[in-house]
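Chemist: could you work out the structure for the sequence below:
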Amino acid sequence: MYNQTMKYGESTFDILYLLFAVLTGIIILIRRRNKADILMGSAALILGLGDSFHLVPRVLNYFIDKDFTWTLGFGKLVTSITMTVFYILVFHLYKNVYSKDDKSTKATGIVLYILAALRIGICLLPGNNWFTGDGTVLWGILRNLPFVIMGGIIVFIYFKVRKENKYLSRLWLYTTLSFLFYIPVAVFAPLLPILGMLMLPKTVCYILMLVSFIRLSRAGAHL
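Modeler: Predicted coordinates:
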């Protein structure tokens with residue numbers, strides 16, 4: 001019964017999430033009125049399309065008797081990169097919505113780009129063993145350390161301005177929670193696969209971020 005619940009429950013959730021993310025991105029981009037809409041639409045689209053590389057094979061793995069190790073590994077690699085790009089776009093959204101273009105913000109941007117490049121570079125190294133499914137805790141820590149620092153910076157800058165825009169006031173909280181759910185999975189899942197369940201609440205946090213984007217876009221809060 002538990003396996004059947006996982007099979008249909010998780011699969012349905014994953015498909016609905018992907019559809020929601022991709023459609024959110026497309027709709028915001030079609031209705032775009034300003035740069036903030038372009039950033040939010042692009043972020044949503046990249047998030048949904050990137051996650052599809054991992055989640056679609058995961059869903060198929062429940063229903064098709066085939067070895068998806070390589071496909072799932074490739075999907076995890078793609079998702080690792082697109083998640084990084086997503087937070088870069090979230091940073092640029094911060095700059096645009098809050099009209100930040102001072103020296104401090106520029107320095108923060110440089111740091112984020114360096115961390116993003118480092119993260120992507122580490123993800124591309126063969127030691128990750130993406131395609132064999134033989135990932136280790138060490139490589140999980142190495143590739144996620146720059147990513148977690150990126151997340152911390154995003155949380156900090158959005159927390160500082162949480163009272164200045166009601167539509168993005170909780171973005172710092174959703175980002176914090178998403179990383180708290182993500183880290184145990186990214187680092188320790190090779191040792192304890194059951195931790196993969198934490199990806200569900202992590203995904204809920206992303207859905208809440210996208211809802212914030214929708215509300216801001218509809219309101220035209222920054223014109």
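Chemist: tell me the SS of the residue positioned nearest the centre of the chain?
Modeler: The centroid of the chain falls nearest to Met83 when counting by CA atoms, centre = their mean (4.0 Å). Under the three-state scheme (DSSP: H, G, I helix; E, B strand; the rest coil), Met83 adopts helix.
Chemist: wait, doesn't it sit right on Phe53?
Modeler: No: Met83 is beyond contact range of Phe53, at 11.3 Å (criterion: CB atoms under 8 Å). (C-beta placed from N, C-alpha, C; glycine too.)
Chemist: common neighbours of the two, please.
Modeler: By CB atoms under 8 Å, 6 or more residues apart in numbering, Met83 and Phe53 have no common neighbours.
Chemist: dump the residue contacts of Phe147.
Modeler: Ser80, Met83, Thr84, Leu115, Arg119.
Chemist: and with 10 Å instead?
Modeler: With contacts defined as CB atoms under 10 Å, 6 or more residues apart in numbering, the neighbours of Phe147 are 80, 83-84, 87, 115-116, 118-120, 122-123, 179, 182-183, 186.
Chemist: give me the pLDDT value at it.
Modeler: Here the pLDDT value assigned to Phe147 is 97.
Chemist: which element is it on?
Modeler: Taking DSSP states H and E as the definition, Phe147 sits inside helix 137-160.
Chemist: next helix or strand past that helix?
Modeler: Later in the chain than helix 137-160, the nearest helix or strand by DSSP H and E is helix 171-188.
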